[in-house]
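Engineer: need coordinates for the following:
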Amino acid sequence: MTLGFSVDELLPKARGGGVLKMGLAKLDESNWLQPDPDLAARAGGFAAFPEGVQLSPEGEAPGAELAAFLGLSGGLPEAARAQHEDMCLLTLRPGEEQYRFVGAAVAWPSDWTPSDKMGLPLRALHAPIQGYEEQLASGVDHFMAKLKPSAIYGRCNWFIAATGERRWVAEAPEEAFAHVTPENAGETLFVRSERQTLRRLPETGAILFTIGIYVSPLGELGADNQRRLADAVQLLLDGEGERRGAGHYAPALIEFVRTRQNAFES
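Structural biologist: Below you'll find the predicted structure:
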């Protein structure tokens, strides 16, 4: 299966709401990483956010293995600078059952700071995600334990943001979306999708987690995806809305999509 490398391609494969699911698709090597990274953008992203590179002693050997695997010298930072994707490493300590976050080379985080996560086990790492412990934690732990080095899995998600910047620092939603109206939602709401992949490095056994960031104005998406988002944010109002701030943008988004759909049909 392929996931694609744009918001329009990723959205149909992302969860629309409801119970949390990993939603993994098995990928082949040719669909692992974006084939045409903008290396100037990557360099600029890391220059603007140098604290996005964090590496513990436990992450040094996996980082070197990853760089060599990609035909590079160096470690995790060099690997991530040469690709479109941000990259994170997780390892399992002897006697423990949860993988720990031991390295990050992240230019474009979605409202998180790598230094705050370093050393944390998976469940603590995902603690801010509403419903993770109850709905997803056991399944993720089992998947990580069984992941084979020959397999690559991918998934995607989406967020609504008030900025098209690839590095996203969320503001209080009542401030971030204060300017959004049904009339301007197509230009002022941005759909942000993370294309995530997981694979095990064969020598060290560490797990590499990649995050490819794609952002598009709502109004530039295809009509089917606009309708898909309108349906999904309506569900968010009854579920994760408070965490994602949906109550502050959903009415404008839904009305924008409804009006555009009516215009196409008339």
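Engineer: correct me if wrong: Ser73 contacts Gly63.
Structural biologist: No: contact between Ser73 and Gly63 fails when scored by CB atoms under 8 Å: they sit 11.6 Å apart. For every residue, glycine as well, the C-beta is placed using N, CA and C.
Engineer: those two: which is more packed in?
Structural biologist: Per other CB atoms under 10 Å, whichever of Ser73 and Gly63 has more neighbours is Gly63, with 27 against 8.
Engineer: so in this structure, where's the weakest helix or strand by average pLDDT?
Structural biologist: Sorting the helices and strands of the chain by mean pLDDT, DSSP states H and E puts helix 132-135 at the bottom, at a mean of 51.
Engineer: quick one: residues contacting the nearest residue to Ala80 once chain neighbours are set aside.
Structural biologist: On the basis of CB to CB, 6 or more residues apart in numbering, the spatially nearest residue to Ala80 that is not a chain neighbour turns out to be Ala105, at 3.4 Å. Residues in contact with Ala105 (CB atoms under 8 Å, 6 or more residues apart in numbering) are 46, 52-53, 55, 76-77, 79-81, 86-88.
Engineer: for Ala170, see how far away Ala105 is.
Structural biologist: Taking CB to CB, to the nearest Å as the measure, Ala105 falls 22 Å from Ala170.
Engineer: low-scoring stretches of the stretch 151-266 of the chain, by residue?
Structural biologist: Confidence mapping of the stretch 151-266 of the chain against pLDDT under 70 gives the ranges 239-243, 264-266.
Engineer: okay, now the closest residue to Leu218 other than its chain neighbours: neighbour count?
Structural biologist: The shortest distance from Leu218 to any non-neighbouring residue, by CB to CB, 6+ apart, is to Leu189 (4.4 Å). Neighbour count of Leu189, defined by other CB under 10 Å: 23.
Engineer: Met144 now?
Structural biologist: Residue neighbour count, defined by other CB under 10 Å, stands at 18 for Met144.
Engineer: what's the answer for the one 10 residues further on, then?
Structural biologist: Burial of Gly154, expressed as a neighbour count using other CB under 10 Å, amounts to 24.
Engineer: that one belongs to a helix, doesn't it?
Structural biologist: No: secondary structure assignment places Gly154 outside any helix; it is strand (DSSP: H, G, I helix; E, B strand; the rest coil).
Engineer: going forward can the numbers begin at 812, since that is how I track them
Structural biologist: Okay, using 812 as the starting number, the last item reads as Gly965.
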